[in-house]
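Visitor: Quick one, fold the following:
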Amino acid sequence: MRTCYNIRFFLPLALVFLCLNANAQKATPQNIYDTLLTNAVVYNGDTLEAKMLAGVYVWPRRSKPEWTRLRNAVYVTYPYALKAANVFNDIENHIANNPDKKAVTKYINSREKELKKEFSDPLKNLSVYQGKVLMKLINRQTGGTNCYEILKELKGGFTARLWQTVAFFFGSDLKQPYDAYGKDAEMESIVHEVRRMYGYPS
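Guide: Numbers count the residues shown, from 1 in each chain. Next up, the predicted model:
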């Protein structure tokens, strides 16, 4: 008797709950995001979502001392490369299509004095290895214009050849390219680390 009484007592409540729930579902508008289409694969009888992962670049890892040396060199020289590239791009924009050679020379010399005043002492303290890294980073920041071409354009072919000879005696090359997805991939990853660290715009 008690069991029947309980059923008679709770059955109306259950029916009311079901009706309210059904009405609530009817009142909810159909949302376009209720159903999401996605790729899937069937594996051992289970249907699993399938996603395409982003590409990963793999390169031979240097030894820890070599990696640390490269990382330190990038951290030291990247701000200089950024500044040099900004100045070069500014000069390019300023002298573009300017027929007045004297005005162009005067402007280039004034910017050169600014650079010397700001960076002469810090750059003297760079090692040969850091100098090589700096030249590569300048190439990167100018969109592929190597240091030789920059010197040739701004100071003339003779000056460019002179500094190329000096660089050669230090085991370097003003014309060295920058290969972000090849031999310079490690350097590129460190550059991104530096940019995140100091909040440079991407």
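Visitor: Phi first, then psi, for Thr47.
Guide: Main-chain dihedrals, Thr47, degrees, to the nearest 10: phi -90, psi 120.
Visitor: Next up, identify which helix or strand Tyr80 is on.
Guide: Assigned by DSSP states H and E, Tyr80 belongs to helix 64-95.
Visitor: other SSEs contacting that helix?
Guide: Packing partners of helix 64-95 (3 or more C-beta pairs under 8 Å, 6 or more residues apart in numbering; DSSP states H and E): helix 101-124, helix 128-141, helix 147-155, helix 185-198. No exception for glycine: its C-beta is placed from N, CA and C like everyone else's.
Visitor: Pick the most buried one from those helices.
Guide: Among the helices and strands packed on helix 64-95, helix 128-141 has the highest mean neighbour count (mean count of other C-beta atoms under 10 Å), at a mean of 21.
Visitor: quick check: angle from that one to helix 185-198?
Guide: Between the axes of helix 128-141 and helix 185-198, defined by axes from the mean of the first three to the mean of the last three C-alpha atoms, to 10 degrees, the angle is 80 degrees.
Visitor: tell me the average confidence for helix 128-141?
Guide: Averaged across helix 128-141, pLDDT comes to 89.
Visitor: swap in stretch 165-174?
Guide: 70.
Visitor: ok, now how distant is Thr159 from Tyr75?
Guide: Between Thr159 and Tyr75 the computed distance is 30 Å (C-beta to C-beta, to the nearest Å).
Visitor: Looking at those two, which is more packed in?
Guide: Neighbours were counted for Thr159 and for Tyr75 using other C-beta atoms under 10 Å; Tyr75 has more, 16 against 12.
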